[in-house]
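J.: only geometry, no sequence info:
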């Protein structure tokens, strides 16, 4: 349900309305438009009688919504959400580049790569300290030592940090080191984790699951938004299909579809989408042309010795090449990098 308030409703009246709706047991979020304040209400069943809410003083109009998600949808918030962390804005005019290794492997490795991606123009350093791997015998990450190293490398190069969280018990520990929590494709349906991330005040990047529809992705985002955390970034990283030529099938059309359905920013991960180094740059170009708000790119200075995902990691000079090419595309569609 979406509630439109009187244009001249004072702040105290708005808060009074929000409190009354919360007393009814519903989730509430406020959206400030240019001309009017809108309140989104989650948890309303189709048979619920909206009339009592429409009669609350200060309420101009009450509308049911056509989608199963409330807070992620355009009906609740028509203007694009911009997630700002320091000077970095994700979802604005600038396309933001996230780059780094799949996993933090050593001090030498992460500091080397951090310096290279900063030189290329990336703003956010990626790297896993806790890695969900298909095989229990694969490298699982360095844990807290990896978190310390990626934080130090980022700070030395004036970068932000994004790293993956696997379970709710890691929130406090990872939160000490990261600027953005990454929820991987495997955890898109981990609703207990999403609920807990809804209670924090740090951005969350939510990756699309292997076989998830776009509406399922937005419903997963709704778990975070309904908890009160409106700083959500979506990520298209390819879906599993019958095609074996690439690691996944990159759904480039998901980018404009998400922009149509939702106000949340969406970035693309061409590395996981393709699984092959030579495919990353072409797919990056396509993602920028389609309107992606950012790219997440795996980079390694010695991918032959990488402990995970070496075949899809760009070399530093290839990242430089990619940046040159996508800057031209971004300029053509009125954006910057």
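T.: Nice, thanks for sending it over. Bear in mind that the values here come from a model prediction, so they are computed numbers and not experimental data.

J.: in the protein, which spans are helices?
T.: According to DSSP state H, the chain carries its helices in the segments 11-23, 51-54, 107-120, 144-156, 171-175, 191-197, 214-226, 254-261, 270-274, 277-290, 316-332.

J.: Can you tell me which of the ones you listed is packed in deepest?
T.: Highest mean neighbour count among the helices of the chain (mean count of other C-beta atoms under 10 Å): helix 270-274, with a mean of 26. The C-beta positions use only the backbone N, C-alpha and C, and glycine is treated the same way.

J.: what pLDDT, on average, does that helix get?
T.: Helix 270-274 shows an average pLDDT of 96 in the prediction.

J.: wait, isn't residue 319 in contact with residue 119?
T.: No. Between residue 319 and residue 119 there is no contact, the gap being 9.2 Å when judged by C-beta atoms under 8 Å.

J.: Got the domain ranges for the protein?
T.: Annotated domains of the chain cover 2-63, 83-332 [automatic domain parsing].

J.: Excluding covalently adjacent residues, which one is nearest to residue 25?
T.: residue 43 (7.1 Å; C-beta to C-beta, 6 or more residues apart in numbering).

J.: How many residues are close by the one you found?
T.: As a burial measure, residue 43 scores 13 neighbours (other C-beta atoms under 10 Å).

J.: In this model residue 26 seems to touch it, though I could be wrong.
T.: Yes. Assessed by C-beta under 8 Å, residue 43 is found in contact with residue 26 at 4.7 Å.

J.: where does this structure have low pLDDT?
T.: Within the chain, the set of residues satisfying pLDDT under 70 comprises 33-35, 45-48, 50, 66.

J.: how about a cut-off of 80?
T.: Across the chain, residues meeting the criterion (pLDDT under 80) sit at 1, 6-9, 24, 31-36, 43-54, 56, 63-67, 133-134, 137.

J.: Go through the domains of the chain and name the closest to residue 75.
T.: Within those, the stretch nearest residue 75 is domain 2-63; the backing value is 5.5 Å (C-beta to C-beta).

J.: start to end distance for that closest one?
T.: 5 Å (C-alpha to C-alpha, to the nearest Å).

J.: now that domain, how far from the centre of its chain.
T.: 27 Å (C-alpha atoms, centre = their mean, to the nearest Å).

J.: cool, and stretch 93-100?
T.: With C-alpha atoms, centre = their mean as the basis, stretch 93-100 stands 12 Å off its chain's centre.

J.: next one: stretch 321-335
T.: Per C-alpha atoms, centre = their mean, the centroid offset for stretch 321-335 relative to its chain is 21 Å.

J.: repeat for stretch 87-99
T.: Stretch 87-99 sits 11 Å away from the centroid of its parent chain (C-alpha atoms, centre = their mean).

J.: Give the buried residues for that stretch.
T.: 88-92, 94-99 (16 or more other C-beta atoms under 10 Å).

J.: OK, contacts around residue 199?
T.: Shown in contact with residue 199 (C-beta atoms under 8 Å, 6 or more residues apart in numbering): 227-229.

J.: Give me the number of neighbouring residues for residue 211.
T.: Residue 211: 10 neighbours (other C-beta under 10 Å).

J.: Against residue 238, how distant is it?
T.: Taking C-beta to C-beta, to the nearest Å as the measure, residue 211 and residue 238 are separated by 11 Å.

J.: Inside strands: which ones of the buried residues of stretch 87-99?
T.: Judged by DSSP state E, strands contain the following of the buried residues of stretch 87-99: 88-90, 96-99.

J.: out of the residues you listed, which one sits closest to residue 305?
T.: residue 99 (18.7 Å).

J.: unless I'm mixing things up, that closest one is touching residue 299, no?
T.: Yes. Counting by C-beta under 8 Å, residue 99 touches residue 299, with 5.0 Å between them.
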